[in-house]
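[1] Give me the fold of what follows.
(3 chains)
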Amino acid sequence: MSITEKLLRTVESTEEHYNTGDYIFRENTMPQFYYQIVTGEVKLNSYSEDGREFIQNILSDGACMGESMLILSKPYPVNAIALTSCVIVKVGRDHFFQLLQLHPHLFNDIYTALADNTFEKLSLMRTITANNAEERLIEIMDLMKEFHDDKQKFSFEIPHTRQQLASLTGLSVETAIRAIKRLEKNNIVMIKDRKIYY
DNA sequence: TCATTAAAGTTAT
DNA sequence: ATAACTTTAATGA
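    Just a heads-up that it's a prediction; the model follows:
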């Protein structure tokens, strides 16, 4: 999934602190660092012409971000913005590759992270092109539940706001809210204190 | 079916 | 207090 902190510290690295709303990196800039979240949540997003936000992904503890662009030396296609205050370990590009050479087993971890990303991306694609709102929401909830793997009917508390769910699925908030209510009526989701359980 | 607009209530900072 | 989020309703593509 990601590189153990211990190993990250063996190479020149810095621990950065970000506040809610801070940019970790911006769209169209060149990657310079490998970033890994120690604690906190980060969203990867972009905005359409009319200013509508689309969230590509929401990442939390232990996740790394932007690896593929770092490896490819291509500008970021998304922004990375802190959703909470975050502690993030930063490793310079050269040191990152040194670390990989030094510990070849890390290729496995990166490889897995990339594969995971691809899977999420493809699933997200399917989600977004799925016709109706309810299917899109079920799809994204399935993905999230898979990551935080605790199986059981209503055992998983969706860790995002309705607004975020809407931005993740390309729906308007209002549509997302109505669809969620329909899901509740159909016993697919349970709502308690405005929290969504799936 | 879904987006948009508007308006009002609720929660978080 | 102020901003961010949630909800409902009317209207229109």
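
[2] tell me which strands and helices the longest helix anywhere in chain A is in contact with?
    Using DSSP state H, we find that the single longest helix of chain A is helix A:106-129. The helices and strands touching helix A:106-129, judged by 3 or more Cβ pairs under 8 Å, 6 or more residues apart in numbering; DSSP states H and E, are strand A:53-59, helix A:67-72, helix A:93-102, helix A:133-147, helix A:162-169. Backbone N, C-alpha and C define where each C-beta goes, glycine included.

[3] for residue A:191, what are its contacts?
    A:180, A:184, A:197 (Cβ atoms under 8 Å, 6 or more residues apart in numbering).

[4] Which members of these additionally contact DNA strand C?
    residue A:180 (Cβ under 7 Å from any atom of the strand).

[5] what's the closest of the contacts of residue A:191 to residue A:62?
    Within the contacts of residue A:191, proximity to residue A:62 (Cβ to Cβ) peaks at residue A:197, which comes in at 23.7 Å.

[6] Return the set of residues that bridge with that closest one.
    Here residue A:197 sits in beta bridges with residue A:157, residue A:190, as judged by DSSP bridges.

[7] So what's the residue count around it?
    Residue crowding around residue A:197 was assessed by other Cβ atoms under 10 Å; the count is 15.

[8] can you check residue A:97 too?
    For residue A:97, using other Cβ under 10 Å, the count is 15.

[9] before we move on, what about residue A:60?
    So residue A:60, with other Cβ under 10 Å, has 16 neighbours.

[10] now do residue A:194
    Counted with other Cβ under 10 Å, residue A:194 comes out at 7.

[11] Check residue A:183 too.
    By other Cβ under 10 Å, neighbour count at residue A:183 equals 20.

[12] starting at the chain centroid, how far to the lowest-mean-pLDDT helix or strand in chain A?
    Ranked by mean pLDDT, DSSP states H and E, the weakest helix or strand in chain A is helix A:5-9, scoring a mean of 75. Remark: helix A:5-9 is offset 22 Å from the chain centroid, using Cα atoms, centre = their mean, to the nearest Å.

[13] Chain A against DNA strand C: which residues are in contact?
    Residues of chain A lying near DNA strand C (Cβ under 7 Å from any atom of the strand): A:161-164, A:173-174, A:177-178, A:180-181, A:191, A:194.

[14] From those, pick the one nearest residue A:123.
    Comparing those against residue A:123 with Cβ to Cβ places residue A:164 closest, at 17.0 Å.

[15] contacting residues for the closest one?
    Going by Cβ under 8 Å, 6+ apart, the list of residues near residue A:164 reads A:43, A:55, A:58.

[16] same question, residue A:43
    Contacts for residue A:43 (Cβ under 8 Å, 6+ apart) come out as A:55-59, A:80-81, A:83, A:164.

[17] Chain neighbours aside, what residue packs nearest to residue A:93?
    Computed as Cβ to Cβ, 6 or more residues apart in numbering, the closest residue to residue A:93 that is not its neighbour in sequence is residue A:32, at 5.8 Å.
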